[in-house]
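Novice: give me a model of this one.
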Amino acid sequence: MRRNAVTYSLFVVALVAFRFVTRQLGVVDDAWITYAYARNLAAGHGIAFNPGEHVEGCTAFLHMVILAPFALLTERLDLVAVVINVLAWAGVALLAWSFIRPKHDEPVGVFGYFIAAFALLGFSGVAWTYSGMEMPLVALAWLGAVKLHLWEREHGKWPILSALVTVAAGLLRPDGILVAITLALSTWVESPKKLNWSKAIAYSVVVVGLFGGYWLWRWNYFGYPLPNTFYAKVTHTSWSLTQTGILYVVRWLVGMVLPLLGVVAAWYAWRRRVAPRWLRVMAGLLATSVAYVLLVGADFFSFHRFLLPAFVPMLLLVWWFGIGALERRREEKKTKPMSRNGKIALAVAAFIVFQFVYFLGRIPPQGLVHGFIVTNTADWAYVAKQLRRHTPPEAKIATIPIGAMKYFSHRYILDLVGLTDTHIAHAEVPTGVAITGHEKYDIDYVMERAPELIFTWPGLMPSEPEGLIKWVMSNIGAEAQKKLMLHPKTEEMYRFVWLPVDEKIPVRRGSLERWQNMKRGEWTGDSYAKGVIGLLRQDLVGTEAYSEFVPMNEARANWLWDTFTAGTYEELIERIHTLPRHRDPEPILNPPVDEPQTD
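Specialist: Coordinates of the predicted model:
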């Protein structure tokens, strides 16, 4: 027990230290959705994103409940969630280590240490540990349920504790309940020729009774059988969704490298190294996770969030069959074993290479994409704080990145893609053909709701022509963004505005981003302002309540409306070249210095 405590402490320290290795780690926007729900629950508003509307836009029920008491003590629920995640993921790694470490103080091979290190510090684990979301807790619940299940079998206990942890996995995230499939089968099959009906029934009764009761309660509370997020992302299973799931799994297999090597090792050493029951359980967890992804499709985020509960089971399978494959190869080739120092050097090199390959992962590199999301989440939080300062409490704001915008603005947020809006989530829009989780929309409905402000991408933009270009490039991804800009009522009801913020950006020669196919000079000077581009309802322009929102000059506003009518990427680039770049007397989006000479 003392040795486990020391090992666990070292794992926690290693996780904290790894946080400083890459700047790409951090809290993502979806985490703030859960925090908003937790805060409203603590404040007595029930399970609601916008007080008064019971919409299940947060599927991490137990995570929300765990965080709610902390909302009474601090606004920094992100720090609370990350601390909990670090402790949870260190627990996941410790459970993985318990399967690798021999029971009788035998030395652990270098390959075992390598797998344990990958379980602890692999990018998939650390990225979601520092994301502030619930996935490390789900992974811990899965492995904890397996560990209890094996202990109950070994000591002849009734499967009550494993059933309770299984239910906890389902409360943390609905698909977490899928661990029950593997554990129910393992409980039922006592041996190849013996079935244990009584314990299998007991396990199933506890799981179905508790989780089924919760499900009926939430159905009654929210009014629909499945979470609103499911309708927003999936609606109906389809071949197009399955295709995205296939690509998702293939990228996981190839991009992380280790899963693919595990498949090869299993084929090579299948008969040589017979799998014990615990390993067959791990294989069941992996198969269940993959099947679920193939059913509902891919995830929007990098680092394979949906497969995180199966991450350690996969590594344990790689470890088990990898040892067998290495032993068989040594025997067949009759080669001398590598020295321990050589093995360590090879393991360290392989760890670095595999991490690097997985970080790059795809085009664009998934590690940089994850970092982009983390950075933008911080920007959205900053923007939301500005909106809280410069809008009346009753203001309604429509946006796509809803988490940080809701949490920090304390305003009513209308979700343009429906995660927290029942009407948009249930709209009959095909899924699996565009950006996952961002395919639903109903612009007519949004215009009927007439929110005071619309920020399809509330990022910080530089106060110069490049800010307009950056804003356009940020708003051509989701179909909801493009449809909104092309809808006739949008231009009729709203006007482009600019909200200056306090933050300044230092300007050095050559420091500004260069957009593709654009030739331009380089700004010089001390700094330029940042601000937020959005749409303000026409009847509110110039009113005292919205006096900080400066109307954009007509030439550049017309350029924005016109740019979204481009039918192809090439046409879009042509429109970018038509951007008015002269200095304008109106104080909005003008260069901080004289117009530079082009290259």
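Novice: shaky segments in the stretch 251-400 of the chain?
Specialist: The stretch 251-400 of the chain contains no residues with pLDDT under 70.
Novice: which residues in it form strands?
Specialist: Applying DSSP state E, counting those that start in this stretch to the stretch 251-400 of the chain gives strands spanning 396-399.
Novice: could I get the full set of helices for it?
Specialist: According to DSSP state H, counting those that start in this stretch, the stretch 251-400 of the chain carries its helices in the segments 258-269, 277-296, 311-333, 340-360, 366-390.
Novice: please name every helix or strand in contact with the third one.
Specialist: So the one you mean is helix 311-333. helix 77-100, helix 110-121, helix 135-155, helix 258-269, helix 277-296 (3 or more C-beta pairs under 8 Å, 6 or more residues apart in numbering; DSSP states H and E). C-betas here are computed from N, CA, C, even on glycine.
Novice: wait, which of those is closest to Trp320?
Specialist: Nearest to Trp320 among the helices and strands packed on helix 311-333 is helix 277-296 (5.5 Å), distances taken as C-beta to C-beta.
Novice: the closest one: which residues count as buried?
Specialist: By neighbour count with 16 or more other C-beta atoms under 10 Å, helix 277-296 contains the buried residues 278-279, 281-286, 288-290, 292-294, 296.
Novice: list the contacts of Ala275.
Specialist: When the contact criterion is C-beta atoms under 8 Å, 6 or more residues apart in numbering, the partners of Ala275 are 283, 320.
Novice: pLDDT averaged over stretch 428-444 - what is it?
Specialist: Predicted confidence along stretch 428-444 averages 85 (mean pLDDT).
Novice: buried sites along it?
Specialist: In terms of neighbour count (16+ other C-beta under 10 Å), stretch 428-444 has its buried residues at 429, 431-432, 436-443.
Novice: ditto for stretch 232-251
Specialist: Neighbour counts over stretch 232-251 (16+ other C-beta under 10 Å) mark 232-235, 241-242, 244-245, 248-249, 251 as buried.
Novice: nearest to His45, out of these: which one, please.
Specialist: So of the buried residues of stretch 232-251, ranked by how close each gets to His45 (C-beta to C-beta), first place is Ala232, at 21.4 Å.
Novice: show me the contacts for that closest one.
Specialist: If you count contacts by C-beta under 8 Å, 6+ apart, Ala232 has them with 417-419, 424-425, 437, 440.
Novice: and the residues you listed, which two are furthest apart?
Specialist: Ile424 and Gly437 (12.2 Å).
Novice: please identify the residue most distant from the middle of the protein.
Specialist: When distances to the mean C-alpha position of the chain are computed (C-alpha atoms, centre = their mean), the maximum falls on Lys334, with 47.0 Å.
Novice: so Val497 sits in a strand?
Specialist: Yes. Per DSSP: H, G, I helix; E, B strand; the rest coil, Val497 lies within a strand segment.
Novice: what's opposite it in the beta bridge?
Specialist: Applying DSSP bridges to Val497 yields these beta-bridge partners: Gly534, Pro551.
Novice: before we move on, back to that, right, and the helices and strands packed on helix 311-333 - which one's nearest Gln386?
Specialist: The closest of the helices and strands packed on helix 311-333 to Gln386 is helix 77-100. By C-beta to C-beta, the value is 18.7 Å.
Novice: quick one: which of the buried residues of stretch 428-444 is nearest to Leu164?
Specialist: Distances from Leu164 to the buried residues of stretch 428-444, taken as C-beta to C-beta, are shortest for Gly437 (31.3 Å).
Novice: now do the SS call for the closest one.
Specialist: When states are read from three-state DSSP, the local structure at Gly437 comes out as coil.
Novice: any idea how far it is from Gly176?
Specialist: Taking C-beta to C-beta, to the nearest Å as the criterion, Gly437 is separated from Gly176 by 19 Å.
Novice: likewise for Gly432?
Specialist: Using C-beta to C-beta, one gets 23 Å for the distance from Gly432 to Gly176.
Novice: and which of the buried residues of stretch 232-251 is nearest Cys58?
Specialist: Distances from Cys58 to the buried residues of stretch 232-251, taken by C-beta to C-beta, are shortest for Ala232, at 12.1 Å.
Novice: that closest one should be in a helix, yeah?
Specialist: Yes. Ala232 sits within a helix when classified using three-state DSSP.
Novice: so that it lines up with my notes, have the first residue be 25 from now on.
Specialist: New numbering, starting at 25: the last item is Ala256.
Novice: what's the distance between it and Val231?
Specialist: Separation of Ala256 from Val231 (C-beta to C-beta): 27 Å.
Novice: what's the answer for Phe573, then?
Specialist: As for Phe573, its distance to Val231 is 53 Å (criterion: C-beta to C-beta).
Novice: neighbour count for these two, which is higher?
Specialist: For Phe573 against Val231, the residue with the higher neighbour count under other C-beta atoms under 10 Å is Phe573, and the figures read 27 against 24.
Novice: show the pLDDT at the nearest residue to that one once chain neighbours are set aside.
Specialist: Counting by C-beta to C-beta, 6 or more residues apart in numbering, the nearest residue to Phe573 once its immediate chain neighbours are dropped is Val521, at 4.1 Å. At Val521, the model reports a pLDDT of 95.
Novice: so who does the residue nearest to Leu438 when sequence neighbours are not counted touch?
Specialist: Leaving out its chain neighbours, the residue that sits closest to Leu438 by C-beta to C-beta, 6+ apart is Ala422, at 4.1 Å. Taking C-beta under 8 Å, 6+ apart as the criterion, Ala422 is in contact with 437-440, 470, 473, 475, 477-480.
Novice: ok, so of those residues, who is nearest Ile225?
Specialist: Relative to Ile225, the closest of the contacts of Ala422 is Asp439; by C-beta to C-beta it sits at 42.5 Å.
Novice: ok so, going back, any common contacting residues for Ile448 and Gly461?
Specialist: Both Ile448 and Gly461 are in contact with 256, 441, where contact means C-beta under 8 Å, 6+ apart.
Novice: still on that earlier bit, nearest to Gly50, of the buried residues of stretch 452-468?
Specialist: Looking across the buried residues of stretch 452-468 and measuring by C-beta to C-beta, the closest to Gly50 is Gly461, at 19.5 Å.
Novice: distance of that closest one from Ala105?
Specialist: In this structure, Gly461 lies at 20 Å from Ala105, with C-beta to C-beta as the measure.
Novice: before we move on, what about Pro93?
Specialist: Between Pro93 and Ala105 the distance is 13 Å, computed by C-beta to C-beta.
Novice: between these two, which one's more packed in?
Specialist: Each of Pro93 and Ala105 had its neighbours counted (other C-beta under 10 Å), and the higher figure belongs to Ala105 (27 against 12).
Novice: and the residue nearest to the more buried one when sequence neighbours are not counted, what is it in contact with?
Specialist: Once its chain neighbours are removed from consideration, Ala105 has its nearest residue in Gly156; the separation is 4.3 Å (C-beta to C-beta, 6+ apart). Taking C-beta under 8 Å, 6+ apart as the criterion, Gly156 is in contact with 51-52, 55-56, 59, 102, 105-106, 109.
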